[in-house]
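[1] build the 3D model from these lines:
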Amino acid sequence: MTHSRWVAIKSVLKLNNNRSSPKKLDLCGDKTTCGYGGHGESQSGILTRILNKPGIRKGMQIVLLCNVHAVRSRAYLHRHDLHPMEEGFTKKGPNEVRLLIQQLDKLIIRDGEANINEDGLPRIFKEKPHMTFDNFFLDEVCENYVGKNQYKLICTKRRDRLPQGVPEKYFHKTKTTGCAR
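    Numbers count the residues shown, from 1 in each chain. This next block holds a predicted model:
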């Protein structure tokens, strides 16, 4: 083994000690669009958003929830208007968060339950994971649902949707400068 190879292996082991590093439970979710050559479901509304893009005649959108530290999808669903809406959910994004949480519930290890869930998938989370989404997926109904189910969530929030009655000093509203930093 060459000296440079030894140094490379040593640095990898030193930087990536998976035995002693804490388990990461962070998930990141977002929607993505892709073109494809298949047929879309009728009344799904997914084709109209893609048809106007150059060179694409057909396509779809999905919502994907992945590990932050590795490229592993943990939950996903196709985006369309035909998903069942629970009472109180009127917007597509928050309803999709609800549906993803229902998928994640099947992956959590609980006492007295088998390590394989009813869908044949292994339960992988010892505790409920932390999720991050952008502002499309958040409203007060979604916040209440996430809190009621004891999940952890960070989302951006549009300025016109900030909660009423909270003092301004608790909001980070400073404008960003155009500096190189």
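[2] what's the local residue count around V12?
    Neighbour count of V12, defined by other CB atoms under 10 Å: 10. For glycine as for every other residue, the C-beta is placed from the backbone atoms N, C-alpha and C.
[3] doesn't it belong to a helix?
    Yes: V12: assigned to a helix according to DSSP: H, G, I helix; E, B strand; the rest coil.
[4] look up how far I108 lies from it.
    Counting by CB to CB, to the nearest Å, the separation of V12 from I108 is 32 Å.
[5] work out for me the element the residue most central in space within the chain sits within.
    Nearest to the geometric centre of the chain sits G29, at 1.8 Å (CA atoms, centre = their mean). Using DSSP states H and E, G29 maps to strand 26-35.
[6] what do you get for V146?
    Using DSSP H and E, V146 maps to helix 140-148.
[7] picking that back up, buried residues in the strand holding G29?
    By neighbour count with 16 or more other CB atoms under 10 Å, strand 26-35 contains the buried residues 27-29, 31.
[8] can you give me the helices in this structure?
    With DSSP state H as the criterion, the chain has helices at 3-15, 92-105, 140-148.
[9] save those as JSON lines, and put in mean pLDDT and distance to Q164 too.
    What follows is the helices of the chain, written out as JSON lines (pLDDT from 0 to 100; distance: least, CB to CB, whole Å):
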{"stretch": "helix 3-15", "mean pLDDT": "77", "distance to Q164": "47"}
{"stretch": "helix 92-105", "mean pLDDT": "93", "distance to Q164": "18"}
{"stretch": "helix 140-148", "mean pLDDT": "91", "distance to Q164": "10"}
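[10] highest mean neighbour count out of those helices?
    helix 92-105 (a mean of 20; mean count of other CB atoms under 10 Å).
[11] just how off-centre is the helix holding V146 within its chain?
    Put simply, helix 140-148 sits 15 Å off its chain's centre (CA atoms, centre = their mean, to the nearest Å).
[12] cool, and stretch 116-126?
    Centroid separation for stretch 116-126 versus its chain: 19 Å, with CA atoms, centre = their mean.
[13] and T132, how close does it get to R161?
    Noted for T132: a distance of 17 Å to R161, by CB to CB.
[14] span of stretch 79-95 from start to end?
    This stretch, stretch 79-95, spans 11 Å end to end (CA to CA, to the nearest Å).
[15] what's the answer for stretch 83-100, then?
    End-to-end span of stretch 83-100 (CA to CA): 12 Å.
[16] same question, stretch 113-122
    Note: stretch 113-122 ends 11 Å apart using CA to CA.
[17] flag the least confident of the buried residues of strand 26-35.
    Among the buried residues of strand 26-35, K31 has the lowest pLDDT, at 88.
[18] wait, that one touches Q61, no?
    Yes: the pair K31 / Q61 is scored as a contact, 5.7 Å apart, by CB atoms under 8 Å.
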